[in-house]
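Trainee: Here is a sequence with its predicted model. Questions after.
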Amino acid sequence: MQEEGFSVWETGVSRGGNGSAGQAGGGRGPAVAAGAAAVPAQACDLVTVPARQGLEAVDILRLRDGVGPVLHDGACDTLGFLVPAGTADGWDVPGSACTQTSGRGLALGALCGEGTPAEPPVSGTGWLVPPEGAGAAATDPAVLRAALGEAARTIEAVDRCQ
C-alpha cells in the first residue's frame, strides 16, 4: 500500500562499491510518522549527481526557482534530487543518472508536518534539503537540467583558473 505523498524507491543516491544509483537498497521500510500532515501526493524519480556539481546546483536553485528535497550520500560523495515521476524516461544529462522509483518505498509527504523531520529513505544518507525545508515538492526537471549545466560550467571555469 502506498502512502500519500512522494514515493521514493528504496535506493537513495549511489550506494558505493560496484553498485549505482537505481539499485534496490536492503530491507529498510517506510518510516511514516503517525498523524503527520501530508503534502499533495506526487510520485518521484531520483536524479543522482556528483556532490560538487550538485552543491553548485542547489545554490543556483535556492537563489532562483526553488529546490525540492535533496539527499546526500557522503560515502559515495553524491547528491540525489527528487524529481517528478517520469523524468527518468527522458533524462540525458551527462554525468548524472535518473532512477525510476516505480512507486516503491518511503512516502515523504506523510513525514512533512508537525515539526517531525523526515527520515532519509536509505541508511547512510542524510538530507541536504529535507522535505519539510524544501521550497518545492520536487525539483522541476527542466530547471534542474539548466542548473546542473550552469553548475558544470562554473566548476569548469574555476578549475581552469587554478
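Mentor: Now that the structure is in, tell me what you want to look at.
Trainee: tell me the mean pLDDT for the helix or strand hosting H72?
Mentor: Following DSSP states H and E, one finds H72 within strand 70-73. Strand 70-73 shows a mean pLDDT of 92.
Trainee: going on from that strand, what's the next piece of helix or strand?
Mentor: Per DSSP H and E, the first helix or strand lying C-terminal to strand 70-73 is strand 78-84.
Trainee: one step back: what pairs with the strand holding H72, parallel or antiparallel?
Mentor: Here strand 70-73 has these sheet partners by DSSP bridges: strand 78-84 (antiparallel), strand 126-129 (antiparallel).
Trainee: possible to save these as JSON lines with distance to E156?
Mentor: Bear in mind the C-beta positions are built from the backbone N, C-alpha and C, glycine included. Conversion of the strands paired with strand 70-73 to JSON lines gives the following (distance: least, Cβ to Cβ, whole Å):
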{"stretch": "strand 78-84", "distance to E156": "18"}
{"stretch": "strand 126-129", "distance to E156": "22"}
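Trainee: hey, which of these is tucked in deepest?
Mentor: strand 78-84 (a mean of 26; mean count of other Cβ atoms under 10 Å).
Trainee: Send me it as CSV with only the CA atoms.
Mentor: Output of strand 78-84 as CSV, limited to C-alpha atoms (Å, rounded to 0.1, in the frame of the first residue of the first chain):
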residue,chain,number,x,y,z
THR,A,78,26.8,12.2,-4.4
LEU,A,79,23.5,14.1,-4.2
GLY,A,80,20.1,12.9,-5.1
PHE,A,81,17.4,15.3,-6.3
LEU,A,82,13.8,14.2,-6.1
VAL,A,83,12.0,15.0,-9.3
PRO,A,84,8.5,14.1,-10.6
